[in-house]
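Asker: below are the sequence and a predicted model for it; my questions follow.
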Amino acid sequence: MDGKIGLEEHFAIADTLQDSAGFLPPETWQELSGRLVDPEERRLREMDANGMETMILSLNAPAVQAIPDVARAADVARRANDDLAEKVARRPDRFRGLAALPLQDPDLASAELTRCIRELGFVGALANGFSEIEGSDAPLYYDLPQYRAFWAVCAELGVPFYLHPRNPLPQDARIYGGHPWLMGPGWAFGQETAVHALRLMGSGLFDDHPDLQIIVGHMGEGLPFNIWRVDNKNARTKKPGSSGPQPAQKSFTEYFRENFHITVSGNYCTEALLCSMQVIGADRILFSTDWPFENVDYSAAWMDSVDIDEADRLKIGRTNALRLFGLGG
Ligand code: GRE
Ligand code: ZN
């Protein structure tokens, strides 16, 4: 199909480029780094050749989230966002932007998000999981109480928030000891991000902000397949007047269906798509490639040929993104 839109589509600036080294075999770094800092020629060629109209661009990972010095995190976020705004301004017909945010400091993150939406014309935010902060080895997850004011700003601006993966910190990654192939995108990314998403759901965040929309990639990081069991176990320890022992009022499945969207980025598994369509619904699934870590050609070829209704293909490939980001057209 023509007119596909993707929303997990990365670039890097000089300060963040090295963060992506090491996730893929060293012999591919030259190719990968070239893609990340490409002045959008290669990217546009790939898009043109594969029926992709728009990429909603975001910074690589973990980038800002892994800069414990708050002032530096804010500075890198601002410069990345300014750089992205220039890319979008050069080709407003093909690119949009998601803001990088210094979530080490919720107030700075709120201010930067507001600047990006109101002044730079971005359509949402993308954060690479928890943030690290100087003086603490505790990962900052965004269900923590100090983030409620940030979420109020996000809800007020009415923009979606992409919760993108990162690796757990070493002290939280001991389960992968001796098995480095399980770190990164193969398993640890998804585990880390799914737990973060479940933390947001169970915290009651969406009772306060019922319109807030979170996006998770990689076919929902396992949530479509597993969320039934999260609810089933919680229901057995239910506290009166709620869906379970957690502070939230609704079930995890309800929040998943009302406050989440997923993308197919880097997970072109037809069986997983069919499960996701049954659990979260075709209205909440969106195409994405995860460029430069995945190729546009095979992502697009799968999207174009996977055995689903044409009406669902159009939603997933394009129109859900138009609606979620208010792109019009
Ligand atoms: C991603 O952005 O999803 C990603 C990385 C690094 C390796 C693989 C991958 O940041 O999918
Ligand atoms: Zn990605």
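Answerer: Now that the structure is in, tell me what you want to look at. Ligands and ions are numbered 1, 2, ... in the order given.

Asker: could you give me the average pLDDT of the helix or strand containing S276?
Answerer: In this structure, S276 is located in helix 270-279 according to DSSP states H and E. The average of the pLDDT scores along helix 270-279 is 98.

Asker: show me what it is packed against.
Answerer: Other elements packing on helix 270-279 under the criterion 3 or more Cβ pairs under 8 Å, 6 or more residues apart in numbering; DSSP states H and E are helix 223-235, helix 252-259, strand 285-286. (Each C-beta comes from the backbone N, C-alpha and C, glycine too.)

Asker: list the buried residues in the first one.
Answerer: Going back to what we said before, that points to helix 223-235. Of the residues in helix 223-235, those with enough neighbours to count as buried (16 or more other Cβ atoms under 10 Å) are 223-224, 227, 230-231, 234.

Asker: again with stretch 56-72
Answerer: Along stretch 56-72, these residues count as buried under the neighbour rule (16+ other Cβ under 10 Å): 56-67.

Asker: and it, anywhere near ligand 2?
Answerer: No: contact of stretch 56-72 with ligand 2 (Cβ under 5 Å from the ion) is absent, the minimum separation being 6.3 Å.

Asker: where's that stretch relative to the chain centroid, distance-wise?
Answerer: Between the mean C-alpha location of stretch 56-72 and the chain-wide mean there is a distance of 13 Å, by Cα atoms, centre = their mean, to the nearest Å.

Asker: next, the distance between the ends of it.
Answerer: End-to-end distance of stretch 56-72: 25 Å, with Cα to Cα, to the nearest Å as the criterion.

Asker: number the residues from 5 up from this point.
Answerer: Right, with 5 as the first residue, what we last looked at is stretch 60-76.

Asker: average pLDDT across that stretch?
Answerer: In this model, stretch 60-76 has a mean pLDDT of 98.

Asker: for stretch 86-93, same thing?
Answerer: Looking at stretch 86-93 alone, the average pLDDT works out to 98.

Asker: looking at the helices and strands packed on helix 274-283, which is nearest to ligand 2?
Answerer: With Cβ to the ion as the measure, strand 289-290 is the member of those nearest ligand 2 (13.4 Å).

Asker: and the helix or strand following that closest one, what does it pack against?
Answerer: Sequence-wise, the next helix or strand beyond strand 289-290 is helix 300-309, with elements assigned using DSSP H and E. Contact here means 3+ Cβ pairs under 8 Å, 6+ apart; on that basis helix 300-309 packs against strand 8-15, helix 45-53.

Asker: now helix 300-309 - C-alpha only, PDB.
Answerer: Listed next in PDB are the C-alpha coordinates belonging to helix 300-309 (Å, rounded to 0.1, in the frame of the first residue of the first chain):
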ATOM      1  CA  VAL A 300      12.200  -0.200   5.500                       C
ATOM      2  CA  ASP A 301      12.000  -2.700   2.600                       C
ATOM      3  CA  TYR A 302      11.200  -5.900   4.600                       C
ATOM      4  CA  SER A 303       9.000  -4.000   7.100                       C
ATOM      5  CA  ALA A 304       7.000  -2.500   4.300                       C
ATOM      6  CA  ALA A 305       6.800  -5.800   2.300                       C
ATOM      7  CA  TRP A 306       5.400  -7.500   5.400                       C
ATOM      8  CA  MET A 307       2.800  -4.800   6.000                       C
ATOM      9  CA  ASP A 308       1.800  -4.800   2.400                       C
ATOM     10  CA  SER A 309       1.300  -8.500   2.200                       C
END
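
Asker: now the angle between helix 45-53 and it, please.
Answerer: Comparing the axes of helix 300-309 and helix 45-53 via axes from the mean of the first three to the mean of the last three Cα atoms, to 10 degrees yields an angle of 20 degrees.
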